[in-house]
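**Q** Give me a model of this one.
(2 chains)
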Amino acid sequence: MFVVRRNLIVIAVMVVVVAGLLMLLRYHPAGGGTAPSALAPGKAAPEFALTDLKGNTVRLSDLRGKAVVLNFWATWCPPCKKEIPWFVEVQKEYGAEGLQVVGVSMDASDPKDVLKFAAKYGMNYPVLFGDDEVAEAYGGIPYLPTTFYIDRNGVIVERVFGEPPRAEIERNVRRTIAVQAKPVS
Amino acid sequence: MAVRMNRSRRIAQALLALGVAIACSAPVQAQILEEKPLLAQKRGPQLTVEPIDTITVARGGTARLTIQLELNRGFHVNSHLPNQDYLLPTTVRLSPQEGIMIVKIAYPQGEVMKFQFAGSDRLSVYSGRFQVTAEVRAQRDAALGRQRVHGEVRYQACDDRQCYPPKSTPLHFDVRVVRPQSAHR
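**A** Here you go, the predicted structure:
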């Protein structure tokens, strides 16, 4: 009888400890920005309105109907510099199928640096100047590169942190363009 | 008695099953957490400055300043002379008051390393502990006594896959200006 009671107490303590640890993990404070779970695949990509290199305002909703690769980058970021030519390639290859790559520069320096970089790397897609608001909306963008693959309906298909292999970019692009646009009701 | 024993056993079994179920869900939870950038930010780069002892310098004389820095494991920052022009260098900025000058700021030589994310670029970086030195010079008419010098270390860090926005770590130290004959007391 005593042994059973002791076991019960031990198990109860274990359950409480494990549950407590899980609660801690689940409610770990996220710092700034939107809760990352809100940006998980399957969720709607947050709307934004940003200025491009020519001074025009570009909204995500302007691109509805296109599969969007939203790449956050900066001129000082070596992995960004490595993957940008790959985005140039996929824009060429899949543009006709409705792909639109969009670069969001998170540089805080002179806009001329971004212009120069975009020209040097032949960026054949819109390059927008990012701000705190868009960073906040997309989870804080704590590091670069960060890329969101958004389907024709504005839904996040995949999000990638860091520089993936070229093949992974292509795989994500194919997955994203494969999603058909739903008729607007 | 037997009924009570069976009841206790059933409760014990139920608690055990609950514990096992919660424990099994833990790896899944951990996997989800790994994808959350904002949580990763908590383990992001931190460049810390060791406290600097008061520097005693005679009017018209100089004294050596050593700034001991430490970057947490798993990260590197660009050296002061990164070997690619698009990279942001590590820089120490100090703002002494009138009569004090900080000259000959000397940075260590970076370690030239190859990172997969940088393609063929070789990067000159600092990691772990490193120090920056300088000369504190007091002009002949510098005010006697103690004054605080404020400054910052600006850096841009990466790990082996992604890069973090430029940051700065504030620093300060005290300079005690004395008459020439009392500098070495």
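**Q** And B:Glu50, how far from B:Gln68?
**A** 4 Å (CB to CB, to the nearest Å). Placement of C-beta: from N, CA and C, glycine included.
**Q** tell me the domain ranges of chain A?
**A** Structural domains annotated on chain A: A:1-30, A:34-178, as defined by automatic domain parsing.
**Q** Out of these, which one sits most buried?
**A** Ranked by mean neighbour count, the domains of chain A are led by domain A:34-178 with a mean of 19 (mean count of other CB atoms under 10 Å in any protein chain shown).
**Q** That one: how far from the chain's middle?
**A** With CA atoms, centre = their mean, to the nearest Å as the basis, domain A:34-178 stands 7 Å off its chain's centre.
**Q** Apart from its chain neighbours, what residue comes closest to B:Gln147?
**A** Leaving aside its sequence neighbours, B:Gln147 sits nearest to B:Gln97 (CB to CB, 6 or more residues apart in numbering or on different chains; 5.2 Å).
**Q** thought the one you found was touching B:His150?
**A** No. Applying CB atoms under 8 Å, one finds B:Gln97 not in contact with B:His150, separated by 9.6 Å.
**Q** ok, back up a step: reformat the domains of chain A as TSV; add mean pLDDT.
**A** Listed next are these as TSV, based on pLDDT from 0 to 100:
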stretch	mean pLDDT
domain A:1-30	51
domain A:34-178	93
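**Q** could I get those domains as JSON lines with distance to chain B?
**A** Output for these, formatted as JSON lines (distance: least, CB to the nearest CB, whole Å):
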{"stretch": "domain A:1-30", "distance to chain B": "4"}
{"stretch": "domain A:34-178", "distance to chain B": "4"}
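**Q** could I get those as TSV with distance to B:Gln139?
**A** Converted to TSV, the domains of chain A look like this (distance: least, CB to CB, whole Å):
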stretch	distance to B:Gln139
domain A:1-30	49
domain A:34-178	35
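**Q** so which of the ones you listed gets nearest B:Val92?
**A** When those are compared by CB to CB, domain A:34-178 sits nearest B:Val92, at 18.3 Å.
**Q** ok, B:Glu70 touching B:Arg129?
**A** Yes. Between B:Glu70 and B:Arg129 there is a contact under CB under 8 Å: 4.8 Å.
**Q** Compare the two and say which is more crowded by neighbours.
**A** More neighbours surround B:Glu70 than the other of B:Glu70 and B:Arg129, with 15 against 11 (other CB atoms under 10 Å in any protein chain shown).
**Q** Next up, the contacts around the more buried one.
**A** Residues near B:Glu70 by CB atoms under 8 Å, 6 or more residues apart in numbering or on different chains: B:Leu47, B:Thr48, B:Glu50, B:Gly128, B:Arg129, B:Phe130.
**Q** Do you know the pLDDT at it?
**A** Note for B:Glu70: predicted pLDDT of 98.
**Q** A:Gln180 now?
**A** Predicted confidence (pLDDT) for A:Gln180: 88.
**Q** mind checking how far it is from A:Phe148?
**A** In terms of CB to CB, A:Gln180 sits 19 Å off from A:Phe148.
**Q** so B:Tyr86, which of the three states?
**A** coil (DSSP: H, G, I helix; E, B strand; the rest coil).
**Q** what's the distance between it and A:Thr75?
**A** B:Tyr86 sits 6 Å away from A:Thr75, taking CB to CB as the criterion.
**Q** Find residues that contact each of the two.
**A** By CB under 8 Å, 6+ apart, B:Tyr86 and A:Thr75 have these common neighbours: A:Lys81, A:Phe117.
**Q** And the residue nearest to B:Gln147, its phi and psi?
**A** The phi and psi values for B:Gln97, taken as degrees, to the nearest 10, are phi -80, psi 170.
**Q** quick revisit: go through the domains of chain A and name the closest to B:Thr90.
**A** Distance to B:Thr90, taken as CB to CB, is lowest for domain A:34-178 among the domains of chain A, at 12.3 Å.
**Q** what residue ranges in chain B score low on pLDDT?
**A** Within chain B, the stretches with pLDDT under 70 are B:1-42, B:182-185.
**Q** one more time with 50, if that's ok
**A** For chain B, applying pLDDT under 50 flags the ranges B:1-3, B:20-41.
**Q** What segments of it are strands?
**A** With DSSP state E as the criterion, chain B has strands at B:47-49, B:55-58, B:62-71, B:76-78, B:91-95, B:100-106, B:111-114, B:122-126, B:129-138, B:145-155, B:157-158, B:167-178.
**Q** Now stretch B:123-130: buried residues?
**A** B:Leu123, B:Ser124, B:Val125, B:Tyr126, B:Ser127, B:Phe130 (16 or more other CB atoms under 10 Å in any protein chain shown).
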